[in-house]
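In: Quick one, what's the 3D model for this:
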Amino acid sequence: MPTPTGRRTSERSRMHKSGHSATSRAGTRGAPSAGGAPAVSLLRRWDDGPAFRAGELTGLAVAEGSGRFAGRSAVVWRSAAGRFLYADPFGHGAVEWEYARWTSRWTDIGFEAAELIPSWSADTPLGSGLSVRVQVRDPDGLESDWFTLAHWAADDQVVHRTTVPGQTSPFGSVEVDTLIAASGRLFGAYRLGIDLLRAPGSEDSAELHSLSVLASAPAEPALRAVSGPGEARGIVLDVPQRSQEVHTGHCPQYDGGGEAWAGPACTAMMVSHFGRGPGPAELAWIDPGDPAPDVDFTARGVYDYAYRGCGNWAFNAAYAARFGLMGFVTRLPSLTEVEQFISVGIPVATAQAFRSTELTGAGYSTAGNIMVVCGFTEAGDVVVNDPLSPSDEAVRRTYPRADFERVWLVGGGGAVYIVHPPGATLPPRTAEFPCW
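Out: Numbering: from 1, shown residues only. From the prediction side, this is the model:
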């Protein structure tokens, strides 16, 4: 999945240095063609009792969640399946963990996929965490070893949240939050493994509330007409405005704010839209003069220590669970589907890359940016919170529908991440567009 941070043309060099770019990750693997054909994508979600029970539970059980997730099914701790010593490479030293494990059944994708992106929602009290693993099967039935996609926790005081670079095999390789198929080899099926982790003997255990895997394949080149105004015409959600630019120089240990913080700014906006977010005690470590301390807090909460940035989409989606919200990463085929989310009160974070001449009114070029779609005008144009703006007041913008749809589908591969309350009614899922 693209991990744009919002930098203008200078961001491209940093992305290439990191081994991926908005072009390679959103354009070559699973993105639409230059004509605007969407990728073939399928999102599989596990977020209820029957789905969780269909997997193999080792030391875990399916029960009612706690706290803000009360009343919903969750995967919860029962007993340790084993222990291991984890060497935190970012400063916390060796940490001993107890683990318990959930493993999905093999899931047939239904087409030959070029990439897989897992995302999750989990409650991880201080001193607990989880690991996310994926195993794949190629169309010939050969199975890979397990790939580790993340060691994750809401806090960074016990273990540093990180992806695991350097994993390569004949089946594929891990690039930040994405498992990408090796050249000439695609994925026909996968299974997902989650280890819930805690300190030995601790009563503070992680709870797993949802899991998703996005499978995508490149589309055949085809021309696509711009979608017309739909059911969200004239609806604009009151999403709080946050500029990433006013945070330039903040928290250098979390990539320094400013043009590196499109993800934290967008995630903070969406969490705040639902009346959630950090309280005064949680914000005490931030300069009291900060214009929007929830953005700095979010940056710390999504920072990927291996990637050395805040642009990991799965981590941004997972962050929302800290405040009782669910999150997932997917691709949508057009603005028609974005409108369905707006019509039920859910804003959508979108990825786009463009030259200044391609998005009328933007006034800048970017190798990768994130915006929050807040609604649509009566004419169907797109109302966004664009964090790459000089002030919070300047964040709300309106872009022409045709321009926006093309730079999102072509430059961003139709990529989105979504957060929502657990009880929210999502748009109807259809066989034609099983993307949520």
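In: Give me the pLDDT for Gln241.
Out: You'll see Gln241 listed with a pLDDT of 98.
In: can you pull the contacts of it?
Out: The contact partners of Gln241, by Cβ atoms under 8 Å, 6 or more residues apart in numbering, come to Met269, Asn385, Asp392, Glu393, Val395, Arg396. Where you see a C-beta, it was placed from the backbone N, CA and C, and this is true even at glycine.
In: can you do 10 Å?
Out: Residues in contact with Gln241, defined by Cβ atoms under 10 Å, 6 or more residues apart in numbering, are 265, 269, 272, 292, 372, 374, 385-387, 389, 391-396.
In: How about it: what's its closest non-neighbour residue?
Out: Among residues not flanking Gln241 along the chain, Val395 sits closest, at 3.9 Å (Cβ to Cβ, 6 or more residues apart in numbering).
In: So what's the residue count around Ser131?
Out: The number of residues packed near Ser131 is 19, by other Cβ atoms under 10 Å.
In: Surely it is in a strand?
Out: Yes - according to DSSP: H, G, I helix; E, B strand; the rest coil, the state of Ser131 is that of a strand.
In: didn't the residue nearest to Gln241 look like it was pressed against Ala268?
Out: No - with contacts counted by Cβ atoms under 10 Å, Val395 stays clear of Ala268, the gap being 11.6 Å.
In: overlap in contacts of these two?
Out: Pro240, Arg242, Gln244, Val372, Pro387.
In: Out of those residues, which is nearest to Pro50?
Out: Of all those, Val372 has the smallest distance to Pro50: 32.9 Å, by Cβ to Cβ.
In: Surely the closest one touches Asp238?
Out: No - under the criterion of Cβ under 10 Å, Val372 makes no contact with Asp238, lying 12.0 Å away.
In: Show the backbone phi and psi for the residue lying farthest from the centre of the chain.
Out: No residue in the chain sits farther from the centre than Gly201, which is 31.8 Å out by Cα atoms, centre = their mean. When quoted as degrees, to the nearest 10, the phi and psi of Gly201 stand at phi 80, psi 0.
In: That one - nearest residue in space that isn't next to it in sequence?
Out: Glu98 (7.8 Å).
In: shaky segments in the chain?
Out: Low-confidence segments of the chain (pLDDT under 70): 1-39, 219-225, 430-436.
In: hmm, back to that, was I right to think the residue farthest from the centre of the chain contacts Ser79?
Out: No - using Cβ under 10 Å, Gly201 is not in contact with Ser79, being 11.7 Å away.
In: distance between stretch 267-283 and the chain's centre?
Out: Its chain's C-alpha centre and that of stretch 267-283 lie 17 Å apart, by Cα atoms, centre = their mean, to the nearest Å.
In: Can you point out the buried residues in it?
Out: For stretch 267-283, burial by neighbour count (16 or more other Cβ atoms under 10 Å) applies to Thr267, Ala268, Met269, Met270, Val271, Ser272, His273, Phe274, Arg276, Gly277, Pro278, Leu283.
In: Can you check the distance spanned by that stretch, start to finish?
Out: 16 Å (Cα to Cα, to the nearest Å).
In: Can you give me the neighbour number for the residue nearest to Gln241?
Out: If you count neighbours by other Cβ under 10 Å, Val395 ends up with 26.
In: show me what contacts it?
Out: Contacts for Val395 (Cβ under 10 Å, 6+ apart) come out as 239-246, 265, 269, 371-372, 374, 384-389.
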